[in-house]
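A.B. asks: Structure for the following, please:
(one chain, ligands or ions: 2)
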Amino acid sequence: MRSITVLSGGVGGARFLTGLLQGIATGQLPGTTEQTQVTVVANTADDIWLHGLKVSPDLDTVMYTLGEGIDPERGWGRRAETWSVKEELAAYGVEPTWFGLGDRDLATHLVRTQMVEAGFPLSQVTAALCKRWLEPRFGDRLRLLPMTDDRVETHVAIADDAEPSGKRVIHFQEYWVRMRASVPAEQLVFVGLDQSRPAPGVTEALTGADLVIVPPSNPVVSVGTILGVPGIREALLERTGPVVGLSPIVGDHHVHGMAEQMLTSIGVEVSAAGVGRHYGARSRGGVLDGWLVDSADAAAVPVLEQAGIAAAAVPLMMTSPDATAAMARAAIELVS
Ligand code: GDP
Ligand code: CA
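C.D. replies: Numbers count the residues shown, from 1 in each chain. Ligands and ions are numbered 1, 2, ... in the order given. The predicted structure is shown next:
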């Protein structure tokens, strides 16, 4: 296998990528060699401007995780982080105070913002940042691409009696980070998504890769937004090689995060089978050839096969890079 492309959100996608890359490096993945190229197409609909800075949470989570700069406990942000700037901003009473802007992390946002304001597209900015984080470890065998260079933001409508409309629309980060997704998401609005275009290299990475993997990322606000960039679904339908995914829902619940709230808000059943059917079989206009579910969800296998999707049940908890490499192996075997 010369090339694999992965559609990634933040923490779930980054953990999966750690296992995939370890599996490739240790020769555990059938068909891959040390030369196998991995391209990550990452969600950018979580991006937000804060205090004049452009923040790209999912790009940074992937970059820091694979570059070993991540805080391993939190799963996001920099290790050995300090919070002086955040404290100083709060002392000025400057909103928002709920977003975790660490001092080390701020350097990344400063570089990104300067480059964006100098006219560089996000894809080139990301490549420049990855020279520090990814190139020393992976050379040109790993590329990180934003799904689009265009501005796309996920917003969430929540109930608010204080508003005449009874609703208030907030940025996804406010819904998730400040509110901990504690109230129902009445509606999701993907601002700019319909007008966005795939970033340079994305379409080719989808049509040309020997294998495309949909990792256990959030199906709505991570993978769903990537698939919402006009042209990306078409590229997946057009390709000849397989697309295989792994369920982020285990035993009818998400493992971390807020996939349950997001699936509910778009009317998709919160189950491994529900998410697989939501993505749909590529042979029937969807995006998947194969879908791995957790051993706890073995009953979903015949349901998925009925929907035209090859399926198997294996342990899907990413408890270690080795356990995750075994998941990647099972995914490859499912569609080989
Ligand atoms: P985010 O952008 O940081 O929210 O990360 P992603 O969208 O990439 O991934 C979030 C998803 O990962 C959630 O829906 C989780 O249920 C899923 N997830 C996290 N850890 C695991 C795990 O160990 N196993 C499985 N199957 N899913 C996981
Ligand atoms: Ca995210």
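A.B. asks: This structure: helices as residue ranges?
C.D. replies: Taking DSSP state H to define them, one finds helices in the chain at 11-25, 57-66, 84-91, 103-117, 122-133, 135-138, 172-173, 202-208, 223-228, 232-238, 259-265, 272-279, 300-306, 321-334.
A.B. asks: Output the contacting helices and strands for the shortest one.
C.D. replies: The one in question is helix 172-173. Contacts defined by 3 or more Cβ pairs under 8 Å, 6 or more residues apart in numbering; DSSP states H and E place helix 172-173 against strand 153-159. No exception for glycine: its C-beta is placed from N, CA and C like everyone else's.
A.B. asks: Walk me through which strands the strand it packs on pairs with, and which way each runs.
C.D. replies: As defined by DSSP bridges, the strand partners of strand 153-159 come to strand 167-171 (antiparallel), strand 187-191 (antiparallel).
A.B. asks: wait, doesn't residue 206 sit right on residue 232?
C.D. replies: Yes - with contact defined as Cβ atoms under 8 Å, residue 206 counts as touching residue 232 (6.7 Å).
A.B. asks: Could you pull out the residues contacting both of these two?
C.D. replies: By the contact definition Cβ atoms under 8 Å, 6 or more residues apart in numbering, residue 206 and residue 232 are jointly contacted by residue 41.
A.B. asks: between these two, who's got more neighbours?
C.D. replies: Taking residue 206 and residue 232 together and counting by other Cβ atoms under 10 Å, residue 206 has the greater number of neighbours (26 against 23).
A.B. asks: pLDDT score assigned to the more buried one?
C.D. replies: In the predicted model, residue 206 carries a pLDDT score of 98.
A.B. asks: Ligand 2 contacts on the stretch 1-150 of the chain?
C.D. replies: For the stretch 1-150 of the chain, the residues in contact with ligand 2 (Cβ under 5 Å from the ion) are 9, 10, 46, 58.
A.B. asks: picking that back up, in a markdown table: the strands paired with strand 153-159, plus mean neighbour count and distance to ligand 2.
C.D. replies: Converted to a markdown table, these look like this (neighbours: other Cβ atoms under 10 Å; distance: least, Cβ to the ion, whole Å):
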| stretch | mean neighbour count | distance to ligand 2 |
| --- | --- | --- |
| strand 167-171 | 16 | 12 |
| strand 187-191 | 16 | 13 |
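A.B. asks: Export these to JSON lines and append columns for distance to ligand 1 and mean pLDDT.
C.D. replies: What follows is the strands paired with strand 153-159, written out as JSON lines (distance: least, Cβ to the nearest ligand atom, whole Å; pLDDT from 0 to 100):
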{"stretch": "strand 167-171", "distance to ligand 1": "14", "mean pLDDT": "97"}
{"stretch": "strand 187-191", "distance to ligand 1": "14", "mean pLDDT": "97"}
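A.B. asks: could those strands go into CSV alongside distance to residue 331?
C.D. replies: What follows is the strands paired with strand 153-159, written out as CSV (distance: least, Cβ to Cβ, whole Å):
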stretch, distance to residue 331
strand 167-171, 33
strand 187-191, 27
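A.B. asks: can you list the domains in this structure?
C.D. replies: Using automatic domain parsing, the domains assigned to the chain come out as 3-149+194-335, 153-191.
A.B. asks: how about the helices of the chain, which one is nearest ligand 1?
C.D. replies: Smallest distance to ligand 1 across those (Cβ to the nearest ligand atom): 2.2 Å, for helix 11-25.
A.B. asks: Determine whether any part of that closest one lies close to ligand 1.
C.D. replies: Yes - Helix 11-25 reaches ligand 1 (Cβ under 6 Å from any ligand atom) through 11, 12, 13.
A.B. asks: What distance do you get for the last one to residue 209?
C.D. replies: Spatial separation of residue 13 from residue 209 under the definition Cβ to Cβ, to the nearest Å is 16 Å.
A.B. asks: Tell me which of the two has more neighbours.
C.D. replies: A direct count of neighbours by other Cβ under 10 Å for residue 13 and residue 209 places residue 13 higher, at 29 against 23.
A.B. asks: show me what contacts the more buried one?
C.D. replies: Under the criterion of Cβ under 8 Å, 6+ apart, the contact partners of residue 13 comprise 6, 7, 40, 42, 43, 58, 61, 62, 215, 216, 217, 222.
A.B. asks: same thing but at 6 Å, please
C.D. replies: 215, 217 (Cβ atoms under 6 Å, 6 or more residues apart in numbering).
A.B. asks: tell me which parts of the protein are close to ligand 1?
C.D. replies: Residues of the chain found near ligand 1, taking Cβ under 6 Å from any ligand atom as the criterion, are 8-13, 58, 61, 216-218, 222, 247-248, 250, 254-257, 259, 316-318.
A.B. asks: where does this protein have low pLDDT?
C.D. replies: Within the chain, no stretch has pLDDT under 70.
A.B. asks: returning to that earlier point: hey, which of the domains of the chain is tucked in deepest?
C.D. replies: Ranked by mean neighbour count under mean count of other Cβ atoms under 10 Å, the domains of the chain are led by domain 3-149+194-335, which reaches a mean of 19.
A.B. asks: Could you check how far it is from the centre of its chain?
C.D. replies: Taking the mean of its C-alpha atoms, domain 3-149+194-335 sits 3 Å from the chain's own mean (Cα atoms, centre = their mean, to the nearest Å).
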